[in-house]
Structure formats: structure tokens, C-alpha cells
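Colleague: What follows is a predicted protein model with its sequence.
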2 protein chains.
Amino acid sequence: MATLDDIARELGVSKSTVSKALSGAKDVSKTMRQTVLEKAVELGYSRGVRNTTAPRIAVFVMNMEYSKPEDFGYDIVAGFRKAAEPAGYQVDIIPLDTQMQKRSRYDEYMVFGNYCGGLFLGMSLLDPWIKEFETCKSPTVLYDNHVSGNPNVTEVGVDNIEGMAGAISYLRSLGHTRIGYLSGALQSYIYQQRYQAFFRAMEKNGLTAELDMAASSYHIHECVSTHLPRLLGKGCTAVLCSSDLLAHSVMIWCSERGIRVPEDLSVLGFDDIPLCRYTHPPLSTIRQNRAELGKSAFYALSSQLNKVQLSSLLLHAELVKRASCTDVSTDFSRIRNILK
Amino acid sequence: MATLDDIARELGVSKSTVSKALSGAKDVSKTMRQTVLEKAVELGYSRGVRNTTAPRIAVFVMNMEYSKPEDFGYDIVAGFRKAAEPAGYQVDIIPLDTQMQKRSRYDEYMVFGNYCGGLFLGMSLLDPWIKEFETCKSPTVLYDNHVSGNPNVTEVGVDNIEGMAGAISYLRSLGHTRIGYLSGALQSYIYQQRYQAFFRAMEKNGLTAELDMAASSYHIHECVSTHLPRLLGKGCTAVLCSSDLLAHSVMIWCSERGIRVPEDLSVLGFDDIPLCRYTHPPLSTIRQNRAELGKSAFYALSSQLNKVQLSSLLLHAELVKRASCTDVSTDFSRIRNILK
């Protein structure tokens, strides 16, 4: 790994200039600072773990709530801090937006911010920094995103293939053979994974799933109102959703129309957000243990910092049976009447 | 987790009888010992980490050499011990065979042997215990094997999809478009993974691979002598192999016939066993960092013991460029003459 001396030598300036530039001192010109920063990134310079009293980790959060216990990101962030802080790291939570990503390159942000590593929550495949992860030099952990071929990047998440297999095999055991799948926008890596996993799991369970038994939309409302009637019209007795929020919307849509969950339609979510226990009926789902995900994300990052470079670390997915799924008992004629 | 008291209560015997049965004391009948063992397994009893001064871990080795530094398993075992022993575990290395697996159930073996967890190296999909991993209660880590749906089992290995993608993209960058794939027997989980990954990687690189561009055999010699001439006949200028030993056999076969590696045929292995540096020419390959795999296996197991149940933990695969691959320069007419 490059040192301050290496950067100084490469640029033909003094070590103190480099040091001052990197710490943002006012007596170094903006141009020099940018030059030093770019060279530091090029050489793979990182402040490292030993150089500061409390090495700093950046947790970037994009499109995800995390400040209240009922927020999806809360337990992940808390689990991460619980592991990182006793190990001597300072953890900065940084709400990220597209503008920030456009304003500076990721590696530059990390060097300039004096971060030894970063964790990303909630990135979509369209985010500007996603492309940079293919070549970035900063030790990086992506929750629910995967980048192949860069030793500095580790994916942490839940085993979606396993989760989906468990879900389908559960619905199958209840007698369902016509199972539909509703998904959020496929610009999300994890929704792509789950979408593919749905078809694999159906096949593995000896069930046929035509391509139009699955559907996706960016807007939850659109997803439900456009695709759900179609799935019901095709004789689906169960609907699996890519997220609990989507499943909850399915239940509300059904309830408003007199379609009974689970009697007429079994509904299964994904993630096990805190809301699931309070929906009507309580939502069966595939659990991501978010506190453990947070802890595992710290392990993956500290492993990177210790030069053991993981490609992926996936937790087991756990089926949580509540009350939104039951044996097939659909009253098709009633549903046909409702859909008319 | 069940205690000695639970087992005693369930069976209506004293706690000391249970304790004696589990430790193999002579004054407990064979039938009682078996009854206690089965109940212990059924209840998910494990001696646990805190009950003994040095909790014991079993490392089962099947079909893999590990005693000398040049053996494939040596660094994995050493890496595992280096992590486990300072953490206070006693590590027993247990050469495993089919008879042992038929003689006792895995969970019974673990309870009776007083092991809190097990690591498996070198299992094939035909091994009797493989089926038991789907439901076993002992914390278990499988190197290069994957079991879906059992929270007590974690896969540890290298990211084969990434490795294969790196290999094909490297050969592509050297100008190869006709690339063949030779594999060991597909009774191995990992060879199945690599086989599928080959086709995915070809597709991702915009190359066509008909099904017969890949071939597998149990015996290395048969694999080379049957399939290699066919691949050469189909115009392959590069051959990727599922293991370094297979790649080495390809090089020997070529050398005996005057086919030059890499001028006529680029050859790429998988694993980076110590031999690769000494083949003629030195073999380019996809590296598995075996010492890190061993360390990661311990992390996965200790994570299980701490109730953070990982599904899989994969290391990055690294392309190691030596001298067995080069730009396309095949003299096809010469090869056709040789193959006549």
C-alpha cells in the first residue's frame, strides 16, 4: 500500500505538502490538493488502520430509513456499530445522494475523508458510484449489491436463492401450484436476484412458471393494481412479493375488494420488517436478520482491512410463518365476480 | 439448546446416566448409550463451547492430501488451526472414509466425540453424510460444498463464478474466441459450479460455447485423451481446466505430441496448487488462497457457534498469469497433421 512518501516522490513535492493537501489545510492550493488526491487514489493510498487513533469507517446510506427502530436500516446500522465501535473504529453515518456521487469520485471521497473503509446500504444499480466499485481501491462492503472481479469489494446479504426456495417449497406444501411473483423495480441487484431465484425455485419444486407469472414495477401501487388482477385471473392462489411493503399493499388491495387473505389468496413477503407482525393478518415472510447482517458487514470489512478479501458473505434466510398463508381454499367464482 | 437435564427428563433416567453414556463410561449398557445418543441428537444437544476447558473441533478430510506443504489441503488445515487454536479450540484432524460415514450418523459422531463443530474438506456429492447435512444439528462448515436450507451449515470456498469470468475475459483479451473446457467428474459440487460458470462466462464475454466445447471425466487421463483431440479438432486455441492437475496433464499430452504450449494452445488451470510454478511452462491459473480459506472456515464456524448463521462465505478468486497462455498463434495445419 502506498505511503505519503510514495505520493510525494511521484509528484516531486514534499511529504508535508502531501500531508497538508490530504488533510485539507488552507495553505495548499485547490489544484495541488486535487492533484495529490488523484495521485493518492491512483496509488491506492489509504490512511490505514494504524495511522490514526480511531480509524474511521463510513457507512453510506442511500434510499433507506435508518434512524428509528422500526426503519429497515436501523438494525443493520446498529449491528454494524455494535461490532465496529468496541473494535476501536469510529463509525460515521453518511446519508448519500446522487449529487454527492456526481460531485466526487468514491475513492477521492474516502481518502479525503480519512476513511479506511466503507459500507453501503441501499444503492441501486443506477447509482453513479456503482460503476466505480468495479475498480475502487478503498476497502468496501456492499449490502445487497455484488461486484465481480474487484478484490476490494465484498457483498453482504442474505441467501436469496435459499430464501426463495424455502418460500416456494412452503407454499407447495400448503397445496399451491399456481404461484405468482410481484417485484419492485429490477434496477435493484437484489430484486434481480430474487426474480431469477423465483423461477429457479419453481422449477426445483416441479412447478411451472410462465414468464408472465412474475411482474415488476417501480411504483408499488402500479405493481399491485396492474399485475395482481392479472395473476388472480390466471388462477394464482398464492402471491410471493419481493418485499414486505409490496406484500402489505397486496393485502390492502385485496381487503378493499373483499378478497380474503389467506383464504382466497396466500401472500408471502420478503425481509421481515417490523411491520409484518402488525399487518392484518400478520405477514408470513422470509427473514433477513438485520442485526446479524450489520455484524457480518463489519466482519467483512475488517477482513478486507486484514487483507483477507472476501467476495461474498451471505446469511441464511429464514422462513417466518405467520398468518398470511394457508392451504388452497380459493373461491374462484367469487374472485371472478370481484374482478369483473 | 438442550442440556443433560433435558435428555435425562425425556428418557426418565438420571442426569449422571446421561453424562456417563455420553462420555462412553463402561458401566452404562450399549443399548442405553445408543438411546441417550439418539435422544441427544434429536434434541440438538451439543457439548457447546463453554462446557469443556478446550472445546473440540473436528476437521474431516476426505480424498485430499494435507500432510505435506505441497499437498492441496495443507494450507487450508494450517490456516484453520492458526485461527482456531489461539482462540482456545482443540482441533482434531480426522481422515474420513465411506465406511466411517456408513457406520455412524454424523450428528451422533459429533456428540459422542464431544465436538462442538466440524469442518469438511474434499467431500463428493456421493458421500453418505452429504444427505445428512440437510438436517444436521451440529455446527458445520463445508469447504467447496453447498447445502441449502439448513441454518447449521455454511459453505466456504472461492467465488468460482468470478474466477471463471476472469479466466475467460483474460483469454478473450489475448484474442482467443474458441475456448474449450475440461472438467473432472461432475459428482463434485465445485466442478458442477465451475462447469456452469464456464458457459455463463463465455456468454458474458460475447463468445459462443456449444455444449460439446466442455467435457468431463472421472479419470484425468481419459478426460485428456478422449476430449482434448476433439476440442483441438473443433479449432480451440485455448483450454481451461477445472483443476491444475488436469491442466498439467493437458500440457504433458501436448508436449508428448509436439503441440506447443502456449504457442499452439493456451492452457489455464484452476486452484494454484504449488506445482503450478514448476510445470513447463509455469501454469497460469485461478488462485484459491488456501491459507485464507482455512482462516475463513474458522470464522464461519465460530460465527455458527455464536449463533450468527452464515449460508456462504466466498473469497475472491485471483487470476495468476504465468507462462501457459499467450496470444492466438496456433498453427492449425501442424495440429491437424499431429491429430491425424
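Modeller: Nice, I can see it.
Colleague: leaving aside the residues next to it on the chain, what's closest to the closest residue to chain B within the stretch 151-300 of chain A?
Modeller: Here the stretch 151-300 of chain A gets closest to chain B at one residue, residue A:159, 3.7 Å apart by C-beta to the nearest C-beta. All C-beta atoms are positioned from the backbone trio N, CA, C, and that covers glycine. Distances taken as C-beta to C-beta, 6 or more residues apart in numbering or on different chains place residue B:311 nearest to residue A:159, at 3.7 Å, with adjacent residues excluded.
Colleague: Confirm that neighbour sits in a strand?
Modeller: Yes: according to DSSP: H, G, I helix; E, B strand; the rest coil, residue B:311 belongs to a strand.
Colleague: pLDDT wise, what is it at?
Modeller: As summarised for this prediction, residue B:311 has a pLDDT of 96.
Colleague: And residue A:47, by the same measure?
Modeller: Per the predicted model, pLDDT is 65 at residue A:47.
Colleague: swap in residue A:334?
Modeller: 85.
Colleague: Then residue A:225?
Modeller: 94.
Colleague: how many neighbours does the residue nearest to residue A:159 have?
Modeller: Look at residue B:311: counted by other C-beta atoms under 10 Å in any protein chain shown, it has 27 neighbours.
Colleague: Verify the stated contact: it with residue B:155.
Modeller: Yes: contact status for residue B:311 versus residue B:155: in contact at 7.0 Å, counting by C-beta atoms under 8 Å.
Colleague: what's near enough to touch the residue of the stretch 151-300 of chain A closest to chain B?
Modeller: Neighbour list for residue A:159: A:314-317, B:148, B:311-312 [criterion: C-beta atoms under 8 Å, 6 or more residues apart in numbering or on different chains].
Colleague: Dump those residues to TSV, plus distance to residue A:187 and secondary structure.
Modeller: Listed next are the contacts of residue A:159 as TSV, based on distance: C-beta to C-beta, whole Å; DSSP: H, G, I helix; E, B strand; the rest coil:
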residue	distance to residue A:187	secondary structure
A:314	21	strand
A:315	24	strand
A:316	27	coil
A:317	22	coil
B:148	27	coil
B:311	25	strand
B:312	25	strand
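Colleague: which one among those gets closest to residue A:84?
Modeller: For those, the closest approach to residue A:84 (C-beta to C-beta) belongs to residue A:315, at 17.7 Å.
Colleague: Distance check, that closest one against residue B:53.
Modeller: 31 Å (C-beta to C-beta, to the nearest Å).
Colleague: can you check residue A:241 too?
Modeller: Using C-beta to C-beta, we find residue A:241 at a distance of 50 Å from residue B:53.
Colleague: So for these two, which sits in the more crowded spot?
Modeller: It is residue A:241, of residue A:241 and residue B:53, that has more neighbours when counted by other C-beta under 10 Å, with 30 against 7.
Colleague: Can you give me the neighbour number for residue A:167?
Modeller: A count of neighbours around residue A:167, defined by other C-beta under 10 Å, yields 28.
Colleague: Local confidence estimate at it?
Modeller: Predicted confidence (pLDDT) at residue A:167: the value is 97.
Colleague: need the contact list for it.
Modeller: With contacts defined as C-beta under 8 Å, 6+ apart, residue A:167 is in contact with A:201, A:240, A:268, A:270, A:286, A:319.
Colleague: Where do the helices of chain A begin and end?
Modeller: A:4-11, A:15-23, A:30-42, A:74-84, A:98-103, A:106-112, A:128-132, A:160-173, A:189-204, A:220-222, A:228-233, A:244-257, A:290-305, A:332-339 (DSSP state H).
Colleague: For the third one, list every residue counted as buried.
Modeller: To tie it back to what came earlier, the one meant is helix A:30-42. Taking 16 or more other C-beta atoms under 10 Å in any protein chain shown as the neighbour-count basis, helix A:30-42 is seen to contain the buried residues A:32-33, A:35-37, A:39-41.
Colleague: again with the last one
Modeller: For helix A:332-339, the buried set under the neighbour-count rule, 16+ other C-beta under 10 Å, comprises residue A:335.
Colleague: Just name whatever secondary elements it is in contact with.
Modeller: In terms of contacts (3 or more C-beta pairs under 8 Å, 6 or more residues apart in numbering or on different chains; DSSP states H and E), helix A:332-339 is packed against helix A:228-233.
Colleague: Could you tell me the phi and psi values at the residue nearest to the spatial centre of chain A?
Modeller: The centre of chain A sits closest to residue A:144, judged by C-alpha atoms, centre = their mean, with a distance of 3.3 Å. Dihedral angles of residue A:144 (phi, psi; degrees, to the nearest 10) stand at phi 60, psi 30.
Colleague: what about it, distance to residue A:151?
Modeller: From residue A:144 over to residue A:151 the distance is 20 Å, taken as C-beta to C-beta.
Colleague: Make JSON lines out of the helices of chain A and add distance to residue B:216.
Modeller: Formatted as JSON lines, these follow (distance: least, C-beta to C-beta, whole Å):
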{"stretch": "helix A:4-11", "distance to residue B:216": "47"}
{"stretch": "helix A:15-23", "distance to residue B:216": "53"}
{"stretch": "helix A:30-42", "distance to residue B:216": "43"}
{"stretch": "helix A:74-84", "distance to residue B:216": "42"}
{"stretch": "helix A:98-103", "distance to residue B:216": "45"}
{"stretch": "helix A:106-112", "distance to residue B:216": "42"}
{"stretch": "helix A:128-132", "distance to residue B:216": "36"}
{"stretch": "helix A:160-173", "distance to residue B:216": "24"}
{"stretch": "helix A:189-204", "distance to residue B:216": "22"}
{"stretch": "helix A:220-222", "distance to residue B:216": "46"}
{"stretch": "helix A:228-233", "distance to residue B:216": "41"}
{"stretch": "helix A:244-257", "distance to residue B:216": "42"}
{"stretch": "helix A:290-305", "distance to residue B:216": "34"}
{"stretch": "helix A:332-339", "distance to residue B:216": "48"}
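Colleague: out of the ones you listed, nearest to residue B:330?
Modeller: With respect to residue B:330, and counting by C-beta to C-beta, the nearest of these is helix A:128-132 at 35.9 Å.
Colleague: Distance from the chain centre to the closest one, please.
Modeller: Taking C-alpha atoms, centre = their mean, to the nearest Å, the mean C-alpha location of helix A:128-132 is offset from the chain mean by 15 Å.
Colleague: Now do it: everything it contacts.
Modeller: When contacts are defined by C-beta under 8 Å, 6+ apart, helix A:128-132 is touched by residues A:98, A:101-102, A:105-107, A:120, A:123-124, A:145, A:147.
Colleague: Around chain B, pick out the residues from the stretch 151-300 of chain A.
Modeller: If contacts are counted using C-beta under 8 Å from any C-beta of the partner chain, the residues of the stretch 151-300 of chain A sitting beside chain B are A:151, A:158-159, A:161-162, A:165-166, A:292, A:295-296, A:299.
Colleague: Are any of those buried, and if so which?
Modeller: By neighbour count, with 16+ other C-beta under 10 Å, these hold A:151, A:158-159, A:161-162, A:165-166, A:292, A:295-296, A:299 as buried.
Colleague: what two of those residues are the furthest from one another?
Modeller: That would be A:151 and A:166, which, of those, are the farthest apart (C-beta to C-beta) at 31.6 Å.
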